[in-house]
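# Structure, please.
(chains A and B)
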Amino acid sequence: MIDSSTKKITLYIIFISVGFIFLIRLFWLQVVDDTYVRFAQNNVLNEEVVYPARGLVYDRNGKLLVYNDAIYDLMVVPERLKKLDTAGFCEVLGISRDEFDRRFERIKKSKGYSKYRAVIFEKQLTIPVYAAFQEKLYDFTGFYVQTRTDRKYVYKSAAHVMGYIGEVTDKIIEQSKGYYRMGDYFGVNGIERSYENELRGTRGIKYVLVDVHNRAQGRYKDGLFDTASVAGLNVTTTLDHELQEYGEKLIANKRGSIVAIEPSTGEILAIVSFPTYDPNLFIGRERGNNYLKLLRDPMKPLFNRPIAAPYPPGSIFKIIMSLVGQQEGVLNPNTTYGCARGASFGSVHVGCHPHSSPLALRQGIAISCNAYFCNVYRSVIDNRRYPTTEAAFDQWRKHVLSFGLGQRLGIDLPGEGTGNVPTSTYYSKIYGQGHWKASTTISLGIGQGELGITPLQMANVTAILANRGYYITPHIVKAIAGKKLNNPAFTQKHFTSVDTAYYGVVIDAMQDVVERGTATIARLKNIIVCGKTGTAQNPHGKDHSVFFAFAPRENPKIAIAVVIENAGFGATYAAPIASLMIEQYLTDTITRPWMEERLLNTDLIHQPATNETTTGKPAHSTH
Amino acid sequence: MRQQQENLHTQHIDWPTLLIYTIFVLAGWINIYAAVYEPEHSSIFDITQNYGKQMIWIGVSAFIALMIMLIDDKFFYAFSYMSYGIMIALNIAVMFLSKEVKGAHAWFEIGSFRLQPAEFAKFATALTLARFMSHYDFSLKDKKHWYKVAGIILLPMGIILAQNDTGSALVYCSFVFVLYREGLPGWILFICLALGIISVLALVMNPDTLTYILIGVGMVAVFLLRASKQGMIVVAAVVLFCVGVVKGIDYLFYKLQPHQQQRVNVLLGKEVDLKGAGYNVHQSKIAIGSGGLLGKGFLEGTQTKFNFVPEQSTDFIFCTVGEEYGFIGSSVLIILFVVLFIRLIAIAERQRNRFNKIYGYCVASILFFHFTINIGMTIGLLPVIGIPLPFFSYGGSSLISFTILLFILLRLDASRVFQLRGSTY
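Numbering: from 1, shown residues only, chains lettered A, B, ... in the order given. I've put the predicted structure just below:
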């Protein structure tokens, strides 16, 4: 059995030598090498979140619009709290003992509470409190100050575009699948929201060793496990800051919107909403209070009119009628209709202002004859090519929708409205199937009735005219991190269902409008402006003043729509504002200071315009 | 004689082993208490905490131990194949009937208790292996027997691997010591050990560096053996073989999908992930290293207070020993384990029949494997493979199964004087 006993001994040797190796290793770890003792002395790991700087926002010319500012939050890790000098702590922070207890109650009840995880105890310390804390922090084991950034808006303009950031809600935390944590900020509105993923950057984590007195002892393993925070991407908007600010200046004290688009790209040059607010109200400790104040303001400054508010388009809709009529073959430039201060359609009489009669298409547009376009509408809807009124109406609606109306265009801003283009079903429901005809809905022909169009959609229609038949979805962001935005949705051409050939006469007529029609006030030296006025009927009060235009006529650089609420004729306020905007954008100079002066001094909110411009106006006038 | 066998004589129980067992179990309980100590639940008997629960498991284990000592020793021989069948069935069933816990399908949930059948498969496999190998005409040289032995070991191992519990599956490798004792040639054991060590090294170290080291060692060996031509050839062959293994593992590793590579890296503690295995080992070393010579004392281990090491009461229980009792305390533990192994081999060797002897070696091998992997992991010598430290780690399944494993041997040993040498019943 020699073999047997050697085997026994071999096993003894293996088992004993493993024990021996362990003893040597332990002797090394525990007795010889003292690095582990030192590690242990400062081995309370603090997981510090390194918040990335949010991306900056620029205008189209590289002008900085939004940047970041450092703020300091007081954080607490409940598990680390030890022998806190509560009275001293409350004194530094300036809160009562009751408040202190209340806050802890609230923290403990909050969602996802863990005693090991840091939570915000006090948001945005003021600088003196922050300084006092830094001095005494070692007394308050378990507390530390977290630096993060808040937004600063360089200008007071474009508040609705910029939007604002706010604290994440429980719902957002849940939806983000763990990305956001309690106390994080995220974009609530504007581009802060629509480009949140690009702007926010990536949170980093820094592991810091702290000793029992809560003093930082250095990085953990030289930062081996740290993750760097990555700053958010900078966003370049399509806005022209000077134009935007100028628009806001002109529209001040007048409720309304201005939208200016570069037709060839769909880039929004300016998008103005009034009443507005200072975006800087949404930062700092007063954020919440300011928000409530704005929310309760009867002027509704938070309402983003240009993309959300639908208006009856009024006479500007005659442009679309001209195109649809031609496409449907019921209208050509030589078609004439008579008008004797209006005309009757069935039992409905549509009024008009006095002008020569009969008129062909071009003059009809220039003079904005109501009777003419009601006739066009009737010929489209009562077209014998279609078996029923409904079928013809559906065809009309299809054309209208191809101009981007009655739907969200898909702008990269939250809160876009659809506007409204009624359906044949809608009328069949009201009047009964087969019991309505063109005359029943005749006011649609002149842009009244159930039609609702947002200023953005109006500007987009102008861009279509400038492009002679297509639009590119209007958008507000041009480039991200210096790279041109690569979003096919913002480069694709959307053609209307009207052939390009039909646009010529309409554009001639729009030129006439400005040169010798209803909007001569908008005429510019050396630049051919094509436009159309509108006066949108407002059942709740004074009519809205509407004007849209593009310029120059060839190779247009700007397409603009202006809506001024309760301001009467399109030519009174909307047209001069648009004209000044075009001039400012194309020439950088203002040659008509008197006009500018008049607009700046007009306050339609506190001193409503007198009704004299509209007295004696016939019903259904939509110049 | 029959009369004597039925009435167990207490003087034949191996008291040193029983004493070490008792020390381990009680020391384990105290260390679990220190590891998860919370001032809010300061009673060691508080059964809402792990230490309170462990107290229950100790009670259950003591009861089961007593039962085993009262059962007729022939029962275990008779029961062996059946227990194996039951355990195989339970381990297959658990895959389909259990919820996933930490990526593994390995626990039955009964009320608030969890049962891990893989733990209990160990003693059943040991009994079966002992019974099969103790058959009078058994020989490892017989290929048919060889395959059957391999089958007995690999079947539960494969099933447990399928449960995704790699650590428990690896324990079955320990039977190689038993096979070695029962006739497996020494060079196979050597190759197995070398393969194990080189595989770990190949994944942990840079494969090229390892290759150079192997070639260097080989050249030194060839130089020393230059007198013997045969010796030189053997050494050269061994070195070539080792280099082949290193290269092969390296190649296979890069053939894996990235997520599989990551899993291997985590297993080896190489993954740079603060919440992963690398962190555990680092914190474990800090805890043990900071214990110093004498330790910080009971409940004074600051590292254990901040939950730095997850699994502190289970797989990393040795940290608490190292931190609170220092080098002295951990040495005592290591020495006690080695004494236990020596004692177990001695017990196995003094058995008069092969069944008892083989079973004795199975017990020694399984406990040795757990001890080596577990402590090697906590002190950073071996990759992180989650298996418990026998008798110490928190957990009902493991404590009860180790108790059964050990007490069956004590029961068999207590009756050895009544059995004829070489008898196989």
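
# any idea what sits nearest the residue of the stretch 151-300 of chain B found nearest chain A, other than its immediate chain neighbours?
Nearest residue of the stretch 151-300 of chain B to chain A (CB to the nearest CB) works out as residue B:289 at 2.5 Å. Bear in mind the C-beta positions are built from the backbone N, C-alpha and C, glycine included. Distance criterion CB to CB, 6 or more residues apart in numbering or on different chains; nearest residue to residue B:289, sequence neighbours excluded, is residue A:36 at 2.5 Å.

# Confirm the one you found sits in a helix?
Yes. According to DSSP: H, G, I helix; E, B strand; the rest coil, residue A:36 belongs to a helix.

# Was I right to think it contacts residue A:28?
No. Using CB atoms under 8 Å, residue A:36 is not in contact with residue A:28, being 10.1 Å away.

# Tell me the secondary structure at the residue lying farthest from the centre of chain B.
Here chain B reaches farthest from its C-alpha mean at residue B:227, the gap being 41.8 Å by CA atoms, centre = their mean. Recorded secondary structure, residue B:227: coil (three-state DSSP).

# mind checking pLDDT for it?
In this model, residue B:227 is scored at 78, pLDDT.

# now do residue B:395
So residue B:395 comes in at 87 (pLDDT).

# neighbours of it, just the number please.
Using other CB atoms under 10 Å in any protein chain shown, residue B:395 has 23 other residues around it.

# residue contacts, it?
B:57, B:116, B:314, B:388 (CB atoms under 8 Å, 6 or more residues apart in numbering or on different chains).

# what's the helix or strand for the closest residue to chain B within the stretch 501-623 of chain A?
Per CB to the nearest CB, residue A:559 is where the stretch 501-623 of chain A lies closest to chain B, at 51.2 Å. Assessed by DSSP states H and E, residue A:559 sits inside strand A:558-564.

# strands paired with that strand, and their directions?
strand A:256-262 (antiparallel), strand A:544-551 (antiparallel) (DSSP bridges).

# Quick check: the residue of chain A nearest chain B.
For chain A, CB to the nearest CB, closest residue to chain B: residue A:36, 2.5 Å.

# follow-up on the earlier one: I figured the residue of the stretch 501-623 of chain A closest to chain B hits residue A:459, correct?
Yes. Using CB under 8 Å, residue A:559 is in contact with residue A:459, at 5.9 Å.

# Give me the domain ranges for the chain.
You didn't pick a chain, so chain A it is. Here the domain parsing of chain A from automatic domain parsing is A:46-236, A:241-613.

# try again with chain B
Split by automatic domain parsing, chain B gives B:2-183+B:272-418, B:185-255.

# among the ones you listed, which is nearest residue A:583?
domain B:2-183+B:272-418 (61.3 Å; CB to CB).

# Quickly note the distance from the residue nearest to the spatial centre of chain B to chain A.
Central residue of chain B (CA atoms, centre = their mean): residue B:370, 2.2 Å from the mean position. Distance, residue B:370 to chain A, by CB to the nearest CB, to the nearest Å: 12 Å.

# and if you look at residue B:85?
From residue B:85 to chain A the distance is 30 Å (CB to the nearest CB).

# State whether residue A:124 and residue A:284 are indeed in contact, as I suppose.
Yes. When contacts are counted by CB under 8 Å, residue A:124 is listed as touching residue A:284 (6.5 Å).

# Give me the common contacts of the two.
A:71, A:150.

# Go through the domains of chain A and find the least confident stretch.
domain A:46-236 has the lowest average pLDDT among the domains of chain A, namely a mean of 82.

# Give the residues shared as contacts by residue A:559 and residue A:459.
The contact sets of residue A:559 and residue A:459 overlap at A:260-261, A:548 (CB under 8 Å, 6+ apart).

# Give me the ChimeraX select line for the residues you listed, limited to the buried ones.
Listed next is the ChimeraX selection for buried residues among the shared contacts of residue A:559 and residue A:459, using 16 or more other CB atoms under 10 Å in any protein chain shown:
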select /A:260,261,548
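
# Bridged to the residue of the stretch 501-623 of chain A closest to chain B, which residues?
Here residue A:559, judged by DSSP bridges, has bridge partners residue A:261, residue A:550.

# how many neighbours does it have?
Neighbours of residue A:559 using other CB under 10 Å come to 31.

# in the one helix or strand residue B:54 maps to, what counts as buried?
If you go by DSSP H and E, residue B:54 is part of helix B:50-70. Neighbour-count burial for helix B:50-70 flags B:50-55, B:57-58, B:61, B:64-65, B:68-69 (criterion: 16+ other CB under 10 Å).

# tell me the average confidence for the helix or strand just after that helix?
Next in sequence after helix B:50-70, counting helices and strands by DSSP H and E, comes helix B:74-97. Helix B:74-97 shows a mean pLDDT of 92.

# Can you point out the buried residues in helix B:74-97?
Here helix B:74-97 shows B:76-77, B:79-80, B:83-84, B:87-88, B:90-91, B:94-95 as buried, counting by 16+ other CB under 10 Å.

# among the residues you listed, which two are most distant?
Every pair of the buried residues of helix B:74-97 checked by CB to CB; the farthest is B:77 and B:95, at 29.9 Å.

# distance of the residue farthest from the centre of chain B from residue B:187?
21 Å (CB to CB, to the nearest Å).

# and if you look at residue B:407?
Taking CB to CB, one finds residue B:407 at 35 Å from residue B:187.

# These two: which is more packed in?
Neighbour tally, residue B:407 and residue B:187, criterion other CB under 10 Å: the higher count belongs to residue B:407, 26 against 11.

# For the more buried one, give its distance to residue B:371.
18 Å.

# Same check on residue B:116?
19 Å.

# What are the buried residues along stretch B:180-193?
B:180-182, B:184, B:189, B:192.

# Can you dump the C-alpha atoms of it in PDB for me?
Extracted C-alpha coordinates of stretch B:180-193, given in PDB (Å, rounded to 0.1, in the frame of the first residue of the first chain):
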ATOM      1  CA  TYR B 180      -7.400  10.300  -6.900                       C
ATOM      2  CA  ARG B 181      -7.500   8.600  -3.500                       C
ATOM      3  CA  GLU B 182      -9.400   5.700  -5.100                       C
ATOM      4  CA  GLY B 183      -7.000   5.000  -7.900                       C
ATOM      5  CA  LEU B 184      -6.900   7.900 -10.300                       C
ATOM      6  CA  PRO B 185      -3.300   8.300 -11.400                       C
ATOM      7  CA  GLY B 186      -1.400  11.200  -9.900                       C
ATOM      8  CA  TRP B 187      -0.700  12.900 -13.200                       C
ATOM      9  CA  ILE B 188      -4.400  13.300 -13.900                       C
ATOM     10  CA  LEU B 189      -4.800  15.200 -10.600                       C
ATOM     11  CA  PHE B 190      -1.800  17.200 -11.400                       C
ATOM     12  CA  ILE B 191      -3.200  18.100 -14.800                       C
ATOM     13  CA  CYS B 192      -6.600  19.000 -13.300                       C
ATOM     14  CA  LEU B 193      -5.000  21.300 -10.700                       C
END
